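Chemist: compute the structure for the input listed below.
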Amino acid sequence: MSTLEVKNLSFSYGGPRMIIQDINLKIEKPGLYCILGPNGVGKSTLIKCLNKINSPTKGSVLIDGQDLTGMTNKDVSKLVGYVPVGGNDMFSMPVMDAILIGRYTQQKWKTTSEDLAIVARTMKLLGISSLAMHGYNELSAGQHQKVAIARGIVQEAPILLLDEPTANLDVRYQVYIAELLKGLSRMAKMTIIMISHDLNITAKYADEIIMMAPPGIIYKIGTPEEIITEDTIREVYGVDCEIVKDSDGKPHTILGSALWIDE
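Modeler: Numbering: from 1, shown residues only. Model (predicted):
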């Protein structure tokens, strides 16, 4: 388990407008943390700052007290795994080899039997063992996404970031991936941070929710019960709704009408 701390973080793509601004966040316990918020509030930008894809315009990101700025990309990748949205990479190689790329930071000289065992075990976990020798570029969008998630898991970093990992997946696999990530966070004592647009899956499985809002700020952090409220959904998303309890006592959002639409 590693401690992740974000201090006064702001980021701009070169212009005067900050995409995210004055972000402060500290995660010290393993668990599944979900980032929610409307389109354009900087969710993807934030997690790209957490693994040094983006260099902060202001502020810092620290893992176990060490600023990412002073670390090499390879050292960062030993601590932070990343699964981008979409899984649209094009690899002209078998699926097993595409997943094995995730073991790069853990390897010394060559691929070992342990590396292969970890990949095989992860493929079985995600139900894609039968695709092992299929060409990656022959897969469907949903299969691409499962391979991308597998590649992130085999990295075995203490922190795993996922940008909409349930995109392109049917409802059954959305639930399965959410259950898998929550179980993995407990079993491996990992910090797993995922971006989601599904209020109900997030409420059901997240340990804590990081709610973002315009203009690229953290609106509130807390448990699903603290964050998924009628007032918060109305204020952040501009949607009227009713919140009821599901069979596990978690908040379940029944959407009403949109209160406003940005032009």
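Chemist: for the rest of this, base every contact and every neighbour count on C-alpha atoms.
Modeler: Fine.
Chemist: buried set for the longest helix along the chain?
Modeler: Secondary structure of the chain per DSSP state H: the longest helix is helix 171-187. Neighbour-count burial for helix 171-187, counted by 16 or more other C-alpha atoms under 10 Å, picks out 173-174, 177-179, 181-185.
Chemist: then stretch 139-154?
Modeler: Neighbour counts over stretch 139-154 (16+ other C-alpha under 10 Å) mark 141-154 as buried.
Chemist: again, but for stretch 58-70
Modeler: Of the residues in stretch 58-70, those with enough neighbours to count as buried (16+ other C-alpha under 10 Å) are 59-63, 68.
Chemist: pick out the most distant pair among those.
Modeler: Checked with C-alpha to C-alpha, the buried residues of stretch 58-70 reach their widest spread between G59 and I63, with 13.8 Å between them.
Chemist: returning to that earlier point: using TSV, lay out the buried residues of stretch 139-154 together with distance to G42 and secondary structure.
Modeler: Rendered in TSV, the data for the buried residues of stretch 139-154 read as follows (distance: C-alpha to C-alpha, whole Å; DSSP: H, G, I helix; E, B strand; the rest coil):
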residue	distance to G42	secondary structure
A141	24	helix
G142	24	helix
Q143	27	helix
H144	24	helix
Q145	22	helix
K146	24	helix
V147	25	helix
A148	22	helix
I149	22	helix
A150	25	helix
R151	24	helix
G152	22	helix
I153	24	helix
V154	27	coil
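Chemist: closest one of the buried residues of stretch 58-70 to Y205?
Modeler: Looking across these and measuring by C-alpha to C-alpha, the closest to Y205 is I63, at 24.7 Å.
Chemist: OK, contacts around the spatially closest residue to L131 that is not a sequence neighbour?
Modeler: Counting by C-alpha to C-alpha, 6 or more residues apart in numbering, L131 lies nearest to V95, which is 6.4 Å off, once chain neighbours are set aside. Residues touching V95, when contacts are defined by C-alpha atoms under 8 Å, 6 or more residues apart in numbering, comprise 131-136, 147.
Chemist: ok, back up a step: redo the buried residues of stretch 139-154 as JSON lines? Include distance to K7.
Modeler: Supplementary listing: the buried residues of stretch 139-154 in JSON lines, determined by distance: C-alpha to C-alpha, whole Å:
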{"residue": "A141", "distance to K7": "36"}
{"residue": "G142", "distance to K7": "36"}
{"residue": "Q143", "distance to K7": "37"}
{"residue": "H144", "distance to K7": "34"}
{"residue": "Q145", "distance to K7": "31"}
{"residue": "K146", "distance to K7": "33"}
{"residue": "V147", "distance to K7": "33"}
{"residue": "A148", "distance to K7": "29"}
{"residue": "I149", "distance to K7": "28"}
{"residue": "A150", "distance to K7": "30"}
{"residue": "R151", "distance to K7": "29"}
{"residue": "G152", "distance to K7": "26"}
{"residue": "I153", "distance to K7": "27"}
{"residue": "V154", "distance to K7": "29"}
